[in-house]
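1. Need a 3D model of the following:
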Amino acid sequence: MRNEDSSVNKIVVIGGGAAGLMAAYAALNHGAQVTVLEHTDKPGTKLLLTGNGSCNFTNSEMLPEHYSGDRSFIESVLSMFGYEDTLGLFEGLGVQHTEKRYRFSDARYIYPLSGEAASIRNALLYGIERLNGRVVTGVNTESISVNDKHSLSEPDTAGRSSLSCFAADDDGVSEAAAEQSYVKGKCLRRFSIFTDKGTFEADELIIAAGSNAAPETGSDSSVYPLIRQLGHGFKTFTPALCALHSADCALALLKGIRHDCTVTLEAEDAGSFTQRGEVQFNSNNISGIPVMNFSRYAAALKNGCRLTLTVDFLPDLSFDETVGMIKRCAVLSGESGRNFEDMLKLSLPSGLAKVVCKAVIGEAKAGTFTAGFSEELSDGVYLPVKSRGAANETCARIAALLKGMRFSINGSAKFSRAQTCAGGVPTDEIDKESMESKLCKGLYFAGELIDVDGDCGGYNLQWAWSTGFIAGSSAAG
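-> Numbering: from 1, shown residues only. Okay, the predicted model is just below:
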C-alpha cells in the first residue's frame, strides 16, 4: 500500500487534456499531491491535433473581444494568467517558441520552435512526472460523491481537515476499503470519485473534461451528468470553430476556391458580425478562419433564427473600383473577341467568374454582352452610346454580387469536425478569481468545460492554460 501524508492537500483532476495537465502542474508546484484521471489511453490527444499538429498555443493579442462569454469573467481570467505568463511557464519547462504573423491581424501567433504540438504536451507531462504527480489513463468516471462526514474531522494547523487516505496503487481505492474507513470511525476526504479502476479520494476536485468537440480524442459527454448531479447547470454544447452549411447552388461552382474575403454574418435578433480572412468554399459548406469564428451562432438556428452570410470577394476594392474592373474586362473582351467570362477569369477565380456570369448575364449571353463595346468614353471605357445605360447596369449588378454574395446558412458541421464548442458550465456559478464552484466547496472547473469559447488563433488553448493554472493554484491553496 502506498503511504501518503494525510496532511498534504490531495487533488484529483478529471481530464488529461490541455487544461487538466496545466491544472495538475500548477497544483504540484504549490505542494499538492495530484492524480490526473484521463479517459483515453494517452493524455493530451486533442492537444496533438491543434494547429494541424504544429500547435498555435497562444497569441499576443489576448483580448476579451476574441472570446464569447461573460466579459468580466474573461477579463479577470486573462489578467491573472495571460499570454506572457504562458510563454514564461513553457520556457521554464524547456519549450522555445517562434512567432508567426498573418496578413489580416497585427497579432503574433505563437508556436513551439519545434513545430510540433507534442513539445507542448510532453513538456507538461515531464513537469508533472518530475514533481511526482501521476496520470492514470483509460479511466471511466462513473460517479462522484461529496462526503458529508468530511466536516467531522479535526482541522490541522494549516486549517485543513486531517483525513485518512487510502491508495493501494495507481488504480485508486476500492469502495470496500472506503466503506471500511467509516466503520473504523475515520473520515474520508471531501470527494470520492468512483471509476472502473477503483475509487479515488480528494480534498479538492478539478474537472477539466473538455467539450464534445473531436469526440475521437475522448470527449464522450460522460462526465457532464455528474456535474449536474453536483448541483450545477450546464448549457448544452453546440459545435464551434467549424464550417457553416448552406444549400445554395452556387457552392457547386465555387467548390475548391480559397480567397481573401470579408464576411458578414447577419443573425436575426443577434446583430451582425464582420471579419476578414481566407475563406474556403466547398460543395455544401463555407469555412476558413473568419467563417469558423462565426459558427458559434449557428446554434440560434434551432430557435428558428435565420442566418445569412454575406461575402465580399474584393475587400480591397470599392464598389466603383469593382465596376471599373468589370468594364475593363468587357472592353478587352470586345477588342479581342474573347468570351467575357474568360476575360473575367483573369481577375477572379474561375468558379467565381462562372457564378457571376451565370447569375447576372446568363450563360447564353455571356459571350455577347460586350459585342458592342466600341465607343471610347471620357473615362477610357469603351461602350456604345445607345447601350451604355444597360451595360452600366449589368456591370453594377456583377459588382454588387462580387461585393455582397449572400448565402442562407442552414446549419454547421458536426462535433467531429469542430475544434471547440460553445456551452458548458455557466460562468455565474464559478468564482472568476479561483475557478472554484460557488455551489460546491472544493470543486473547480477549467478549460472548454466552462461556457466561454474563443476565436481561431491560440485563444482556446490560452483559455485552457489560464483557467487550468488558476484552478490548480487555487485548489492547492
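2. Please name the bridge partners of the residue nearest the centre of the chain.
-> Centroid check for the chain by CA atoms, centre = their mean gives Thr420 as the closest residue, at 3.8 Å. Thr420 forms beta bridges with Ala240, as assigned by DSSP bridges.
3. go on, the one 4 residues further on?
-> Using DSSP bridges, the beta-bridge partners of Gly424 come out as Lys235.
4. Use 867 as the first number from now on
-> Let's use 867 as the start, then, which means that last one is Gly1290.
5. which residues does it contact?
-> The neighbourhood of Gly1290, defined by CB atoms under 8 Å, 6 or more residues apart in numbering, consists of Ser1077, Phe1100, Lys1101, Phe1103, Glu1314, Leu1315, Ile1316, Asp1317, Val1318. No exception for glycine: its C-beta is placed from N, CA and C like everyone else's.
6. Which of these ranks first by neighbour count?
-> Glu1314 (31 neighbours; other CB atoms under 10 Å).
7. so how far is Thr1102 from that residue?
-> 14 Å (CB to CB, to the nearest Å).
8. wait, doesn't Ile1227 sit right on Asn1205?
-> No. Using CB atoms under 8 Å, Ile1227 is not in contact with Asn1205, being 10.7 Å away.
9. which of these two has more neighbours?
-> Ile1227 (19 against 16).
10. Distance check, the more buried one against Thr1061.
-> When Ile1227 is compared with Thr1061 (using CB to CB), they lie 66 Å apart.
11. same deal with Leu1173?
-> For Leu1173, the distance to Thr1061 - CB to CB - is 41 Å.
12. ditto for Leu929
-> From Leu929 to Thr1061 the distance is 39 Å (CB to CB).
13. So between those two, which is more surrounded?
-> Legend: neighbour count by other CB under 10 Å for Leu929 and Thr1061, higher for Thr1061 (20 against 13).
14. Just the residues contacting the strand or helix carrying the more buried one, thanks.
-> Of the helices and strands defined by DSSP states H and E, Thr1061 is found in strand 1057-1061. By CB under 8 Å, 6+ apart, the residues outside strand 1057-1061 that reach it are 878, 880, 903, 1005-1013, 1038, 1041, 1044, 1065-1071, 1308-1309.
15. repeat for stretch 999-1011
-> Contacts of stretch 999-1011 (CB under 8 Å, 6+ apart): 880, 882, 890-891, 894, 900-909, 991, 994, 1036-1038, 1057-1063, 1071, 1088-1089, 1092, 1095-1096.
16. Return the per-residue confidence for the closest residue to Gly1323 other than its chain neighbours.
-> Once flanking residues are discounted, Gly1323 sits nearest to Asn925: 5.1 Å by CB to CB, 6 or more residues apart in numbering. Note on Asn925: pLDDT of 95.
17. Any idea how many residues pack against Asn925?
-> By other CB under 10 Å, neighbour count at Asn925 equals 24.
18. just Asn1169 next, same as before
-> 8.
19. the strands in the stretch 1167-1316 of the chain, which residues?
-> 1173-1178, 1271-1278, 1286-1290, 1309-1311 (DSSP state E, counting those that start in this stretch).
20. Of the ones you listed, which is nearest Pro978?
-> strand 1286-1290 (20.1 Å; CB to CB).
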